[in-house]
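Undergrad: everything below, folded, please.
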Amino acid sequence: MNWRNTTERYGSLSIGLHWLMLLVLAAVYACIELREFFPKGSDPREALKAWHFMLGLAVLILVALRIGAQVIAPSPRIVPAPPKWQESAGKLMHLALYALMIGLPLAGWLLLSAAGKPIPFFTTQLPALIAENKDLAKSIKEVHEVGGTIGYIIIGLHAAAALFHHYVVGDNTLLRMLPKRA
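TA: Modelled structure (predicted):
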């Protein structure tokens, strides 16, 4: 399989980044949801929060790579071509997904910065983006949590649209992003 996109299919770079992003996003959400099963201040809860932060920041790096991959290669065409309204809806969906994958990690980084907390990133600590401000931290936390809830909806709609295109419309929308079988 070619690593670059063609007019017929996504290349292995785009496919790999897409499915890796899914796994990392699932882990980000799992970490923050699973923390609720542990008492506040407990080691498992704090570890899950730290993994949520680190994986969230990894999303920011991966999305930069995805944008770079899109710049160097065209998106494959959908066959048969969808109506214009579906094309527009798809573009809006992708814009919302990218806003989520960029905005939520940045909001998390800003939140930790404003809360005066360390910003862990695997073997290092990242610098604060803004000065400590507890009131601002509360506001950013609300935005981050609402964005996370909206993320569930956007990701669910994205998956549902891919399945709709595959099983109802019968076009190649989903097949373009699946690894090619031998």
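Undergrad: separation between the nearest residue in space to Ala161 that is not next to it in sequence and Ile154?
TA: The spatial neighbour of Ala161 that comes closest, neighbours along the chain excluded (Cβ to Cβ, 6 or more residues apart in numbering), is Met93 at 6.6 Å. From N, CA and C alone the C-beta is placed, and that goes for glycine too. Distance from Met93 to Ile154, counting by Cβ to Cβ, to the nearest Å: 7 Å.
Undergrad: try Pro179
TA: 24 Å.
Undergrad: of these two, who's got more company?
TA: For Pro179 versus Ile154, neighbours defined as other Cβ atoms under 10 Å are more numerous around Ile154 (17 against 12).
Undergrad: what strand or helix carries the more buried one?
TA: helix 134-164 (DSSP states H and E).
Undergrad: and Pro120, backbone torsions?
TA: phi -80, psi 140 (degrees, to the nearest 10).
Undergrad: ok, the residue nearest to Ala161 - contacts?
TA: 154, 157-158, 161 (Cβ atoms under 8 Å, 6 or more residues apart in numbering).
Undergrad: list the buried residues for the strand or helix carrying it?
TA: For Met93, the host element (DSSP H and E) is helix 84-115. Within helix 84-115, the residues scored as buried using 16 or more other Cβ atoms under 10 Å are 86, 90, 96-97, 100-101, 103-105, 107-115.
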